[in-house]
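Peer 1: Give me the fold of what follows.
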Amino acid sequence: MNGKTRLAAFDLDGTLLNSIPSIVIGVRTCWDALGFPDVSDDEIRNIIGLPWEESVQTLMPGAGAREVSMINEYHAEIARGDRPSPDRPPEEIFAGAAETLDRFEADGYVLAIVTSRSNRRFYELLDRAGLSGRFATVKTADLGPGKPDPYLLIEAMADVGATPEDTVMIGDTTYDIMTGRNAGTGAIGVTWGVHPDHKLTDAGAHHVVDDFEDLHDHANALTLGSASS
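Peer 2: The predicted structure follows:
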């Protein structure tokens, strides 16, 4: 090894955590409760990975501060117990995810999460999935511009002293891939989340994988070689 810090930055939802069905139900329940226009499951799935306010505007063109405030109050009412929580399916770590993180760590990688989630429920989800304490740095949308803006990934690299050449961004959406490319890092797409392989490839993924077992070798090819192409 060359002594450099190699960073594997993971998205959370749809990459490490099987939370997509829960997110779809959560958004739909909120939309119904607030009387917002109907949206399809596919429309909801497509905004997963974007910052929340941009997601709202995508689902409701023309939406602004009023609608965001209504949504924030809706979630505050749930947190206070004034409104029941949606009946969500379990949000569980994908089979193979923990073993993959182990393999990266054993090979000397530093681990990070870069997510467009806000802090609300984020650390609770990590704890329930058994992922707490596994990451040297965690960047949520509360800390700066969300994907595909590279800000959070660049901040994660700065936290651990990694360069773009020694970093790989791993995620299930085009927004993850674009974040990596915008930051100058390697970018690997996974197909078990939201976006299909052709969209990940079109967004600039250096590799697209169908199985956790393939992530480590592709990450090595990028961080030990070059991700600039």
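Peer 1: how many neighbours does the closest residue to residue 148 other than its chain neighbours have?
Peer 2: Leaving aside its sequence neighbours, residue 148 sits nearest to residue 178 (C-beta to C-beta, 6 or more residues apart in numbering; 3.5 Å). Every residue, glycine included, has its C-beta placed from N, CA and C. Burial of residue 178 is recorded as 21 neighbouring residues (other C-beta atoms under 10 Å).
Peer 1: Kindly report the same for residue 217.
Peer 2: Residue 217 has 11 nearby residues by other C-beta under 10 Å.
Peer 1: Show the contacting residues for the residue nearest to residue 148.
Peer 2: Counting by C-beta atoms under 8 Å, 6 or more residues apart in numbering, residue 178 touches 147, 148, 203, 204.
Peer 1: Closest one to residue 187 out of these, please.
Peer 2: residue 204 (6.3 Å; C-beta to C-beta).
Peer 1: Please, which helix or strand holds the closest one?
Peer 2: Counting by DSSP states H and E, no helix or strand carries residue 204.
Peer 1: Could you check the pLDDT of it?
Peer 2: pLDDT, residue 204: 98.
Peer 1: Could I get the phi/psi values of it?
Peer 2: phi 110, psi 10 (degrees, to the nearest 10).
Peer 1: Next, the contact list for it, please.
Peer 2: 177, 178, 180, 181, 187 are the contacts of residue 204 under C-beta under 8 Å, 6+ apart.
Peer 1: Tell me which residues touch residue 199, please.
Peer 2: Residue 199 makes contact with residue 174 under the criterion C-beta under 8 Å, 6+ apart.
Peer 1: switch to numbering from 5
Peer 2: Let's use 5 as the start, then, which means that last one is residue 203.
Peer 1: And what about it, helix, strand or coil?
Peer 2: Three-state call for residue 203 (DSSP: H, G, I helix; E, B strand; the rest coil): helix.
Peer 1: Could you do residue 13 as well?
Peer 2: Here residue 13 is recorded as strand under three-state DSSP.
Peer 1: Show me how the chain divides into domains.
Peer 2: 11-23+95-227, 24-84 (automatic domain parsing).
Peer 1: most tightly surrounded among the ones you listed?
Peer 2: Mean neighbours per residue, mean count of other C-beta atoms under 10 Å, is largest over the domains of the chain for domain 11-23+95-227, with a mean of 20.
Peer 1: now that one, how far from the centre of its chain.
Peer 2: 7 Å (C-alpha atoms, centre = their mean, to the nearest Å).
Peer 1: which of the domains of the chain has the lowest average pLDDT?
Peer 2: domain 24-84 - the lowest mean pLDDT of the domains of the chain, at a mean of 92.
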